[in-house]
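Trainee: using only what follows, build the 3D model:
(one chain, ligands or ions: 2)
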Amino acid sequence: MSKAVYLLMENFKVISHPLIRHKLAVLRNKETTPKTFKAIIGEIATVMSYEALGDLQTKEIDIVTPICATKAEEISDEIVFVPILRAGLGMVEGVRDLVPFAHIGHIGLYRDESTLRPMEYYCKLPACIADSRVLILDPMLATGGSAVAAVQMIKDRGCKSISFLSIIASKEGVNTLLTAHPDVMLYCAGLDEKLNEIGYIVPGLGDAGDRIFGTEVEN
Ligand code: PRP
Ligand code: URA
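Mentor: Ligands and ions are numbered 1, 2, ... in the order given. Modelled structure (predicted):
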């Protein structure tokens, strides 16, 4: 898919800001420690969720300031964040800082190393999910297989408002997700050219789960 086509897509947004590009450089650097890596994943997730929730519904409420009674607004939408285990967990603290009243569901998927197909091992979603604004969290959108499966699991529970927040996406992953689920709004912070022969994003940042949790093995 060409760059021009991405710019024309209404349901895909690359969040590009000098601070985000600076933080992406730290994430991509292989010398970055797991502690810093996890902290920056959270910081970028905060900004992405702020962007993705810009059209939330509010309702009018009455409050009293130290000076007088007045009208104010509070969010009326239910919001559910769904991290894809493991790496999506790294984004939860950042989005919860911004939306402390959100519900959190969990989807467990891992990629089969030989087929790269997503394998489901866990799913726990809040009862309110069908009528909620759902934001799926996963730092990496590579082949797109895990994202397509996670969106389907949430649609199967009746949800109609789904956004997907990935910190680094491959062009192939974007294409695969939005072809399978054109009604999903996709946000990323970095858009990378390609995948290597074992399905890793190039240049990417390596295995996000391993880098958050410090489980990577030196070859
Ligand atoms: C990573 C990542 C995504 C998936 C993306 O998870 O966090 O969930 O790969 O790849 P895809 O777009 O090709 O499906 P992984 O399977 O490595 O599991 P982990 O987070 O438990 O390490
Ligand atoms: N999962 C990751 O963590 N990194 C990649 O580059 C691809 C899939």
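Trainee: any part of the host helix or strand of Leu109 near ligand 1?
Mentor: With elements taken from DSSP states H and E, the one containing Leu109 is strand 106-111. Yes. Remark: strand 106-111 sits within contact range of ligand 1 at Leu109, Tyr110, Arg111, by C-beta under 6 Å from any ligand atom. The way it works is simple: take the backbone N, C-alpha and C, and place the C-beta from them, glycine included.
Trainee: near ligand 2 at all, that strand?
Mentor: No. Under the criterion of C-beta under 6 Å from any ligand atom, strand 106-111 makes no contact with ligand 2; the nearest approach is 6.6 Å.
Trainee: would you mark the buried spots in that strand?
Mentor: Burial within strand 106-111, assessed by neighbour count using 16 or more other C-beta atoms under 10 Å, is assigned to His106, Ile107, Gly108, Leu109, Arg111.
Trainee: which residue packs closest to the last one, ignoring adjacent ones?
Mentor: Put plainly, it is Arg111. The spatial neighbour of Arg111 that comes closest, neighbours along the chain excluded (C-beta to C-beta, 6 or more residues apart in numbering), is Pro118 at 6.1 Å.
Trainee: interface residues of the protein facing ligand 1?
Mentor: Residues of the chain lying near ligand 1 (C-beta under 6 Å from any ligand atom): 84-87, 109-111, 116, 118, 138, 140-147, 173, 199, 207-209.
Trainee: before we move on, back to that, give me the sheet partners of whatever helix or strand comes next after the strand holding Leu109 and which way each runs.
Mentor: Beyond strand 106-111 on the C-terminal side, the first helix or strand identified by DSSP H and E is strand 118-124. Each strand that pairs with strand 118-124, with its direction, by DSSP bridges: strand 106-111 (antiparallel).
Trainee: hey, where'd the helices end up in this structure?
Mentor: Secondary structure of the chain, counting by DSSP state H: helices at 3-8, 18-28, 34-52, 89-98, 145-155, 171-180, 208-213.
Trainee: appreciated, that's everything.
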